[in-house]
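Enquirer: I'll drop the sequence and a predicted model, then ask my questions.
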Amino acid sequence: MSVNVRRLPIQLLPDSSRVITRYFGLGEENRIRDVVGRLLAVPETAVTDLVAKLERDFQPIHPNIDDVFLEHYEAVKHHIPVNGPISDGRRRFIGASFTMEYAIECAALFNPSMVPAIEQENVPPGSVRFVMSLRATGEGHISSIVFRRGLVDATGNVSVDTPSRYSRPLRAIVPADFAKADFIQQLQSLHAWTEHTQATLALLGDRFTRAELSEAIDKIRSLADVSGVSEESNDALLALSQANYRLAVPSGADVTEAVIFPYSDNERRGIEDLRLVRFTDDDGSFHYYGTYTAYNGFQIFPQLLEYPVGQHVEIHMLTGRCAQNKGMALFPRTVHGRYAMVARLDNENLYYMESDHLCVWNEARPLLAPKYPWEVIQIGNCGSPLETEAGWLLLTHGVGPMRQYCIGAALLDLENPCRVIGQTSEPLLVPTGTERFGYVPNVVYSCGGMIHQGMLVLPYAASDLATSVAVIDLKELLGALVPPPSGT
């Protein structure tokens, strides 16, 4: 049974004018020291004029540019000889010289997910306001997460608001100290609980700071020959000390200004494919989670974003035997009192997982394997399952001939999500026309849609370049998924 898919005339394209500020690191300490020396030699009158020009040029795009300059000054001030006071203007001038702009979405704006927004005031009857997350890719193929806001009306028409002209990375705050027991559990999950890491942590108390961890690493280095294996263990220890952190959300912040940019060592080459979900707790309250993939240039790490409404964003590393590979998608509520997830643990199949702990996943059962020609290479999910009266609607993606990515769907039993009730034998969305061409050709892909007024509203990316939206009648879709009663 074919399903009618209504593609809307919406296309969110990458915009090279959307930029953030970043620290401009020069690498070698000697080079930084030489640059600082040249900056100190500039006459004070010239410094005043230069800073005034910088503020005129960049404050319209970065209203907090002076704060950025002073923050980056703090990163290099230890290279300044103690020869007297440094004027406020020169501090800004030095900081500006170690600041750069980065075009966060100059290459691509794709892989969206969509959830109902927190604020629903003044929304027309029958409509819902949504927040959409997107993967933005810039220079060097570094990906971050950005957001858009919009409205779905009662008839399934979708509008996306013009985003704020500003883009600001959320500021990361690392924990002051760490619990050794948690650290050991996470090292074991990463297969990094080696003789070297055991010896290092043996020097530390039940709670320790990052500075104390660095001191322990240096002490072990002094007692043994440095090797590639020991330095890999040291890297794992230091990376883990940054893997769980907090993102400060400014009061009254516009979500379209917010950028979640890679911060930890695990994320340094990008944050990929946030799957947002509005999670309802057992007491009826709700907040937001998002699973994503962190990439350090060599290895991927599954991560979890947590946003208790009105508080700061928390970033957690997911651990356990089954916290691996890409595409973990959390159910929007617990199932029989346990957290549930759909994920691809290998490179081909989908699995159903349950856990008593949101960040530790050790149990998995097979759910879906490639079955039809359009998914013969591999199958994955396109976001968190959506609850309907008929069952859990799971959007899937399949990879087939010519590495073409298509979007399909499956229906899981509400009480036993391991039981597949139905599945589309043909894909719902296939890349067609101009959708076939982009950064990665022949791909349509989503990280999650939502149900509104009997319609599935599905944002999707085309060929890893831009984002569009499709609308599907839910009753028609479910009719194509649920097998007809026997004898009819």
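Expert: It's in.

Enquirer: which ones are touching G156?
Expert: Counting by C-beta atoms under 8 Å, 6 or more residues apart in numbering, G156 touches R6, H452, Q453, M455, V457, V471. From N, CA and C alone the C-beta is placed, and that goes for glycine too.

Enquirer: what about 10 Å?
Expert: Applying C-beta atoms under 10 Å, 6 or more residues apart in numbering to G156 gives the contacts R6, L8, H452, Q453, G454, M455, L456, V457, V469, V471, I472, D473.

Enquirer: before we move on, which element is it in?
Expert: Using DSSP states H and E, G156 sits in no helix or strand.

Enquirer: distance of it from L411?
Expert: Counting by C-beta to C-beta, to the nearest Å, the gap from G156 to L411 is 21 Å.

Enquirer: how about F331?
Expert: Taking C-beta to C-beta, one finds F331 at 14 Å from L411.

Enquirer: same list, the contacts of G156, but as JSON lines with pLDDT and neighbour count please.
Expert: Shown next, in JSON lines, are the contacts of G156 (pLDDT from 0 to 100; neighbours: other C-beta atoms under 10 Å):
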{"residue": "R6", "pLDDT": "97", "neighbour count": "12"}
{"residue": "L8", "pLDDT": "97", "neighbour count": "17"}
{"residue": "H452", "pLDDT": "98", "neighbour count": "21"}
{"residue": "Q453", "pLDDT": "97", "neighbour count": "14"}
{"residue": "G454", "pLDDT": "97", "neighbour count": "11"}
{"residue": "M455", "pLDDT": "98", "neighbour count": "22"}
{"residue": "L456", "pLDDT": "98", "neighbour count": "25"}
{"residue": "V457", "pLDDT": "98", "neighbour count": "21"}
{"residue": "V469", "pLDDT": "98", "neighbour count": "27"}
{"residue": "V471", "pLDDT": "98", "neighbour count": "21"}
{"residue": "I472", "pLDDT": "98", "neighbour count": "22"}
{"residue": "D473", "pLDDT": "97", "neighbour count": "16"}
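
Enquirer: in the chain, where is pLDDT below threshold?
Expert: Under the criterion pLDDT under 70, the flagged ranges of the chain are 1, 224-229, 484-488.

Enquirer: let's go with 50 and repeat that
Expert: Scanning the chain for pLDDT under 50 picks out 487-488.

Enquirer: in it, which spans are helices?
Expert: 29-40, 44-58, 65-76, 88-97, 180-189, 195-201, 210-223, 228-243, 474-481 (DSSP state H).

Enquirer: which one of those is the most hemmed in?
Expert: helix 88-97 (a mean of 21; mean count of other C-beta atoms under 10 Å).

Enquirer: which outside residues touch that helix?
Expert: Residues contacting helix 88-97 (C-beta under 10 Å, 6+ apart): 21, 23-24, 26, 35-36, 38-40, 42, 44, 46-52, 54-55, 58, 65-77, 79-80, 86-87, 99.

Enquirer: one more pass at 7 Å, please.
Expert: 35-36, 39, 47-48, 50-51, 54, 66, 69-73, 76 (C-beta atoms under 7 Å, 6 or more residues apart in numbering).

Enquirer: ditto for stretch 163-170
Expert: Against stretch 163-170 from outside (C-beta under 7 Å, 6+ apart): 18-20, 63, 104, 148, 247-249, 254, 256-261, 313.

Enquirer: hmm, which of the residues you listed are the buried ones?
Expert: The neighbour-count test (16 or more other C-beta atoms under 10 Å) marks 18-20, 104, 148, 247, 249, 256-261, 313 as buried among the contacts of stretch 163-170.

Enquirer: and which of these is nearest V360?
Expert: V313 (20.2 Å; C-beta to C-beta).

Enquirer: that closest one touches Y245, doesn't it?
Expert: No. Between V313 and Y245 there is no contact under C-beta atoms under 7 Å: 9.4 Å.

Enquirer: tell me the bridge partners for the closest residue to L12 other than its chain neighbours.
Expert: Distances taken as C-beta to C-beta, 6 or more residues apart in numbering place T467 nearest to L12, at 4.2 Å, with adjacent residues excluded. Beta-bridge partners of T467, counted by DSSP bridges, are L12, A461.

Enquirer: is T467 in contact with A108, as I believe?
Expert: No. Using C-beta under 7 Å, T467 is not in contact with A108; the gap is 9.3 Å.

Enquirer: which of the helices of the chain sits closest to H141?
Expert: It's helix 228-243; of the helices of the chain, that one is closest to H141 (C-beta to C-beta) at 20.4 Å.

Enquirer: so Y307 sits right up against F286, yeah?
Expert: No. Judged on C-beta under 7 Å, Y307 makes no contact with F286 at a distance of 10.5 Å.

Enquirer: more neighbours, the two?
Expert: Y307 (18 against 15; other C-beta atoms under 10 Å).

Enquirer: wait, what's in contact with the more buried one?
Expert: H287, Y288, V313.

Enquirer: need the nearest residue in space to G25, chain neighbours excluded.
Expert: Using C-beta to C-beta, 6+ apart, the nearest residue to G25 is F98, at 7.5 Å.

Enquirer: residues near that neighbour, how many?
Expert: 21.

Enquirer: surely it touches G27?
Expert: No. Counting by C-beta under 7 Å, G27 is not a contact partner of F98; they are 11.8 Å apart.

Enquirer: any idea how far R221 is from F178?
Expert: Taken as C-beta to C-beta, the span from R221 to F178 is 20 Å.

Enquirer: cool, C382 as well?
Expert: 36 Å.

Enquirer: check L276 too.
Expert: Taking C-beta to C-beta, one finds L276 at 28 Å from F178.

Enquirer: and the two? Which one has more around it.
Expert: L276 (27 against 21).

Enquirer: help me confirm that the more buried one comes into contact with M450.
Expert: No. Contact criterion C-beta under 7 Å: L276 and M450 do not qualify, at 9.6 Å.

Enquirer: tell me the residues that contact both of the two, please.
Expert: V115.

Enquirer: on that earlier part again, and the residue nearest to L12, how many neighbours?
Expert: T467 has 25 nearby residues by other C-beta under 10 Å.

Enquirer: ok, it - contacts?
Expert: Per C-beta under 7 Å, 6+ apart, neighbours of T467: L12, L109, F110, P112, L134, P459, A461.

Enquirer: at 6 Å what do you get?
Expert: By C-beta atoms under 6 Å, 6 or more residues apart in numbering, the contact set of T467 is L12, L109, F110, P112, P459, A461.
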